[in-house]
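*Asks:* Kindly return the folded structure for what I paste below:
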Amino acid sequence: MHGFSSKEAKAALHRHDVRLGRIMEALNEAGIAENSTVAILGDHSALDESKVVKLNVLFKERGLIQTNASGRVTDWKAYCKSCDGSAYVYIKDPNDDPAKNLVTDILAELLKDESNGIEAAITGAEANAKGADGTAFRMLEAARGFYFSEAIDGHYIEEVTEQDARTKKYTFACHGYSPEKEGYHTVFFAAGKGIRPGISIKSMHLVDEGPTFARLLGLDLGDTDGSILDGILDI
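*Replies:* Sure, this is the predicted structure:
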């Protein structure tokens, strides 16, 4: 809500540190610390942003979205579904070539200038190859400093204000960006029973966590998308 490096975010880290300390104290008091493994992990990071991209505003202006007098969507040919730092563009009728062509033209024009808030657009097939939703017509990546909203009214791009953050209309940081984005990494720490100390992992995938934790528990998940992080294990 307040930003990646804000004082509020740093205060949250301190609160987490206190909670972790209580867990460690409880393990010691229970006499099970030597037989315990502690892992700290996140499923994503976040990036600061100050501008909101509202592609549905353009879709409505170009006749791809219809609304009633209350502003509610009554029909649509194309729609932008936000994932915050990324977004999917769906076409209602897969055979609607005019809608596809219009969306393609709109995106091509926006991609000419990164100040329009869109860094990249890939096809559904390309998204599927990355593990994303292959049924989408296009998958979009927000430019640094931007994120997507599904809002239909207002301006195509809006500046985030302090009032927006206070009322939770918009935020100053969000997730949902491509894991390939530079400087967009999450964390993985592990210590205790079964973990080799002093090991640094250059890279890994979220799907590696499950089989690795299963091995620590003496279990085998069988054939999975992830791999066991043997390099950190001492079992």
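
*Asks:* what does the lengthiest helix in the chain contact?
*Replies:* With DSSP state H setting the assignment, residue counts place helix 7-29 as the longest helix in the chain. Residues lying outside helix 7-29 but in contact with it, judged by C-beta atoms under 8 Å, 6 or more residues apart in numbering, are 1-3, 33, 36, 38, 40, 173. Quick note: C-beta positions are derived from backbone N, CA and C, even for glycine.

*Asks:* So what's the residue count around A143?
*Replies:* Here the neighbour count serves as a burial measure; for A143 (other C-beta atoms under 10 Å) it reads 19.

*Asks:* Quick check: chain neighbours aside, which residue is closest to it?
*Replies:* In space, A143 comes closest to E119 once its chain neighbours are excluded; the distance is 4.2 Å by C-beta to C-beta, 6 or more residues apart in numbering.

*Asks:* now do S5
*Replies:* Counting by C-beta to C-beta, 6+ apart, S5 lies nearest to D48, which is 7.1 Å off, once chain neighbours are set aside.

*Asks:* that older thread, quick one: strands adjacent to whichever helix or strand comes after the longest helix of the chain?
*Replies:* Helices and strands here follow DSSP states H and E; after helix 7-29, the next one along the chain is strand 37-41. As defined by DSSP bridges, the strand partners of strand 37-41 come to strand 188-192 (antiparallel).

*Asks:* Between helix 7-29 and the strand it pairs with, find me the angle.
*Replies:* Between the direction of strand 188-192 and that of helix 7-29, the angle (axes from the mean of the first three to the mean of the last three C-alpha atoms, to 10 degrees) works out to 20 degrees.

*Asks:* Contacts for the very next helix or strand once past strand 188-192, please.
*Replies:* Of the helices and strands lying after strand 188-192 in sequence (DSSP H and E), the nearest is helix 209-216. The set of residues external to helix 209-216 that reach it, using C-beta under 8 Å, 6+ apart, is 37, 39, 41, 188, 193-194, 220-221, 224, 226-229, 232-233, 235.

*Asks:* from these, which would you call buried?
*Replies:* Buried by 16 or more other C-beta atoms under 10 Å: 188, 194, 226, 228-229, 232, out of those.

*Asks:* Might you report the residue contacts of T224?
*Replies:* Contacts of T224 by C-beta under 8 Å, 6+ apart are 207, 210-211.

*Asks:* Could you find the closest non-adjacent residue to the spatially most central residue of the chain?
*Replies:* With distances taken as C-alpha atoms, centre = their mean, G176 lies nearest the centre of the chain, 1.8 Å away. Spatial nearest neighbour of G176, chain neighbours left out: D84 (3.3 Å); criterion: C-beta to C-beta, 6+ apart.
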